[in-house]
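the following comprises the amino acid sequence and a computationally predicted model.
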Amino acid sequence: MNVIPYLTFQGTTEEAMNFYAKALQGEIVQLDRYSGAPGMQIPEGWEDKVIHGRVKFGGDNFLYFSDADRDVVAGNSVSLAVEFDSEEAVNHAFNVLADGGSVFMPLGKTFWGALYGKLTDKFGINWDLNHTLKSE
């Protein structure tokens, strides 16, 4: 299991990714745009914005990134992304963290081949929980 900071911006994610990759002498290893999300309601003008991106640096360290069409202010622009090794572990964590919190995206299968959910726990901490499913 890995914990990864997830940074959210309001339309400037690609610029931020380039900036942090340069600063940390890393590289952008993933950059997915909203236009690649099948069946998703995309806000007008957001087709080329970043739905998910990853910068790898210093060996096996990562920062995750995304653009959001909601108000992004200090404090709510960072979440903890956790990559789980099993469906059971991600289900357990999601259910415990969701108790008394607010679910933004229920845990479910995604177009990127994962079991994923996004929530804010009862203490106000934002979480992105992910388990990459094995290819069949």
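Yes, it's here.

mind giving me the packing neighbours of the worst-scoring helix or strand of the chain on mean pLDDT?
Among the helices and strands of the chain, strand 78-83 carries the lowest confidence by mean pLDDT, DSSP states H and E, at a mean of 87. Strand 78-83 makes packing contacts with strand 2-9, strand 126-132 when contacts are defined by 3 or more Cβ pairs under 8 Å, 6 or more residues apart in numbering; DSSP states H and E. Where C-beta positions appear, they are placed from N, C-alpha and C, glycine not excepted.

tell me the helix or strand right after that strand.
Read in the C-terminal direction, the helix or strand following strand 78-83 is helix 87-98, with elements assigned using DSSP states H and E.

would you mark the buried spots in that following helix?
Of all the residues in helix 87-98, those buried under the rule 16 or more other Cβ atoms under 10 Å are 90-91, 93-94, 97-98.

in a markdown table, list the residues you listed along with distance to Tyr20 and pLDDT.
Shown next, in a markdown table, are the buried residues of helix 87-98 (distance: Cβ to Cβ, whole Å; pLDDT from 0 to 100):
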| residue | distance to Tyr20 | pLDDT |
| --- | --- | --- |
| Val90 | 27 | 94 |
| Asn91 | 32 | 95 |
| Ala93 | 27 | 93 |
| Phe94 | 28 | 95 |
| Leu97 | 27 | 92 |
| Ala98 | 30 | 95 |
